[in-house]
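**Q** What would the 3D arrangement of this be:
(one chain, ligands or ions: 1)
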Amino acid sequence: AQPSAAPPVSAPLRELPWGQLNFLHTTDTHGWHAGHLQEPSFSADWGDYISLAERLHEKADKEGVDLLLVDTGDRIEGNGLYDASIPRGFYTLKIFGEQDVDVLCSGNHELYKNTSSENEYYETVPDFLGNYLASNLDIIDPKTGQQRPLAQRFKKFTTKNQGIRVLAFGFLFNFRGNSNNTVVQRVQETIKEKWFQEAIRDREVDLFLVVGHVPLRTQEFASIYKAIREQQWDVTIQFFGGHTHIRDYAKYDSKAYGLESGRYMETIGFMSINGLPTGGKSNSLSIDIAAPRAARAASPTFSRRYIDNNLFSFHQHTDLNDTTFPTEHGRNVSSMIALAREALKLDKTYGCAPRDYWTNRAPYPSKNSIFSWLQDEVLPDMVLDVDRADVPRMVLTNTGALRFDIFRGPFTVDTTYTVSPFTSGFRYIKDVPFSIAKRLLQIINQEVPQLWPASQSLAFELPVRSVEASTHTVDERLLFAGGQMPLGKDHALDHDVELTPGYTTTDDAGSDGDDTIHAPIRFYRVPNALESRIGFPSATTEESKESADPVSVDLVYVDFIESYILLALKFLGTDYAERDTAVYMEGRDMTGLIAQWVQEHWQC
Ligand SMILES: O=c1ccn([C@@H]2O[C@H](COP(=O)(O)O)[C@@H](O)[C@H]2O)c(=O)[nH]1
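**A** Okay, the predicted model is just below:
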């Protein structure tokens, strides 16, 4: 872990359900390779994850089973370690490349900018040559101008110990916000292609492995599942998904399951399958973990665990300790991260937050909502273009622009990027009638379906960002217990324990997926966008409010949502177009405004 990371807190754990074939899964890490320095549950770093993988490989080899590592994209944008370097990703690409990942794919974030998809093409794909899969993703080669696959479309391999023949694909959901140097083919089109149709007819396959930056319960995965099942009704299929930042586990049929492993290096997903055929090794040493050999080929069994990313969990799952757990390679990578953080001055403090501000753990609006803070304090103080200073303005931003919580205490350079990593500036349309402007927010938040042609639905770019609102009732044994914890699945709930708040996931296999037994946290949904009204004439009474409304306003917005603003304006019967828009506050962006506001308002 990083020197300044909060030490992990011991907690009751469920064991890892090892099988014949095992997986570790990361997704949506968004540059959090240093781990969460302020959160004990998630304070392990990428170096610790390397040690974990190496220790679990040792165990797998000893027992003659297999372990594969999977990453399903969105490795970039969202943390100072990635965003503060020039060029972006200068350190994280190398840090990520130290892990031995068997199958990986791209997320949408790798494609927002030409520079980041070129990083994939020139650095990450070669680093993981043969393992990086791009089943529905092409790039325009910067040198030749030719469109070509970002990486190979699929791969076939046989596992080392068990001889399981795996055929793997790597997909991205039907993303349309990519820059002009990449081409994302709709999954539903890709599966009609000859290469895919041939691949899924291969009879020499024991397991189809579909990794994707795709949520588990989507048309994209449903189409892939259906296409494979049409050709092979009983071959096992394992999906790994991502994008929605949640822990999830889906059953498609008795031989097809999917795992999604959260976000931001909070979760290392563990998945195991027992009962797979081992066609790649005629006399393979098949370790029978759970079922008699004959029964295995007929009905595989699946298990999953969401590991909290901290050293307490890692030590327990490897039966090792502080001294015996870290490998030399893991330690070296932790040092690489520490040096990078130092070079980037990520711990430099801009100010101190007086309390916690939450993205999803407080209702919006409320005094602990980060969105209320942005709307009521930051934007009104900061959004002003000197050339338009006297004009009342309405400022709209997507809530997705703010990515993470602020914790009470030091607000550092790193915090600036975990909260607001994007480089979008502000644009505006001048003198929009207030009668029109005041209706925009409602339209954007209601997502009027007729408004958005299928190709431009807000649902794709401005998803309701909340992780599921928790509906779990709290188990009384968990709430009123005190004292310390024993380990192991069966004992955990029978002993007195003081539980730390954390993920309490319910998925298609029930509610025993999290490795750490936590007290539940409530998550709240937030709207797609919010609005601040600034420089409006003040009204003293309710009645005078309406007459004090301005006739027209400057309609200011973060440039990322320009196309939605223009669509919504069309829906309202106007004909505003790009030609009517202009830069507002030249050279400023949300990240810079927030850093400045904190420096001016939150002294330590
Ligand atoms: O420049 C940008 C890029 C993205 N966003 C927001 O992020 C989400 C996508 O992030 P995921 O992690 O893939 O969910 C997008 O919907 C926007 O809300 C942004 O604001 N600016």
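**Q** Provide a list of residues in contact with the closest residue to the ligand within the stretch 451-600 of the chain.
**A** The ligand sits closest to Phe560 of the stretch 451-600 of the chain, with a gap of 4.0 Å, by Cβ to the nearest ligand atom. For the C-beta atoms, the positions are set from N, CA and C on the backbone; glycine is no exception. For Phe560, the contact set (Cβ atoms under 8 Å, 6 or more residues apart in numbering) comprises Asn398, Ala401, Phe422, Ser424.
**Q** these two touch, right, the third one and Ala401?
**A** The one in question is Phe422. Yes - contact criterion Cβ atoms under 8 Å: Phe422 and Ala401 qualify, at 6.0 Å.
**Q** shared neighbours of the two, which are they?
**A** Phe560, Met590.
**Q** what about the residue of the stretch 251-400 of the chain found nearest the ligand, how many neighbours?
**A** Distances between the stretch 251-400 of the chain and the ligand by Cβ to the nearest ligand atom are smallest at Gly400, namely 1.9 Å. When counting by other Cβ atoms under 10 Å, one arrives at 19 neighbours for Gly400.
**Q** a strand runs through it, doesn't it?
**A** No - per DSSP: H, G, I helix; E, B strand; the rest coil, Gly400 lies outside any strand segment and is helix.
**Q** Tell me both backbone torsions, phi and psi, for the closest residue to Glu266 other than its chain neighbours.
**A** Spatially, and ignoring its direct neighbours in sequence, Glu266 is nearest to Phe42 (4.5 Å; Cβ to Cβ, 6 or more residues apart in numbering). Dihedral pair for Phe42: phi -130, psi 30, per degrees, to the nearest 10.
**Q** what sits against Phe42?
**A** Phe42 touches Gly35, His36, Tyr264, Met265, Glu266, Asp308, Asn309, Asn310, counting by Cβ under 8 Å, 6+ apart.
**Q** now swap in Arg341 and tell me
**A** So, once contact is read as Cβ under 8 Å, 6+ apart, Arg341 ends up touching Gln2, Ala34, Gly80, Leu81, Asp347, Asp414.
**Q** next one: Phe411
**A** Here Phe411 is in contact with Thr349, Tyr350, Gly351, Cys352, Ala353, Val598, Trp602 (Cβ under 8 Å, 6+ apart).
**Q** Surely it is in a strand?
**A** Yes - residue state for Phe411 (three-state DSSP) corresponds to a strand.
**Q** Do you know the pLDDT at it?
**A** What the model reports for Phe411 is a pLDDT of 98.
**Q** By neighbour count, which bits of the longest helix belonging to the chain are buried? Give me those.
**A** Counting residues, the longest helix found in the chain (DSSP state H) is helix 46-63. By neighbour count with 16 or more other Cβ atoms under 10 Å, helix 46-63 contains the buried residues 46-57, 59-60.
**Q** who are the neighbours of the helix or strand following that helix, in terms of helices and strands?
**A** Scanning forward in sequence from helix 46-63 by DSSP states H and E, the next helix or strand is strand 66-71. Applying 3 or more Cβ pairs under 8 Å, 6 or more residues apart in numbering; DSSP states H and E, we find strand 66-71 packed against strand 21-26, helix 46-63, strand 103-104, strand 207-213.
**Q** C-terminal to strand 66-71, what's the next element?
**A** Counting by DSSP H and E, the next helix or strand C-terminal to strand 66-71 is helix 80-83.
**Q** In TSV: the contacts of Phe42, plus secondary structure, neighbour count and pLDDT.
**A** Output for these, formatted as TSV (DSSP: H, G, I helix; E, B strand; the rest coil; neighbours: other Cβ atoms under 10 Å; pLDDT from 0 to 100):
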residue	secondary structure	neighbour count	pLDDT
Gly35	coil	26	98
His36	coil	25	98
Tyr264	coil	23	98
Met265	coil	25	98
Glu266	coil	24	98
Asp308	strand	27	98
Asn309	coil	31	98
Asn310	coil	28	98
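**Q** and the stretch 251-400 of the chain, which residues reach the ligand?
**A** Counting by Cβ under 6 Å from any ligand atom, the residues of the stretch 251-400 of the chain close to the ligand are Asn398, Gly400.
**Q** What's the per-residue pLDDT of the nearest residue to Thr27 once chain neighbours are set aside here?
**A** Distance criterion Cβ to Cβ, 6+ apart; nearest residue to Thr27, sequence neighbours excluded, is Gly242 at 3.5 Å. Note on Gly242: pLDDT of 98.
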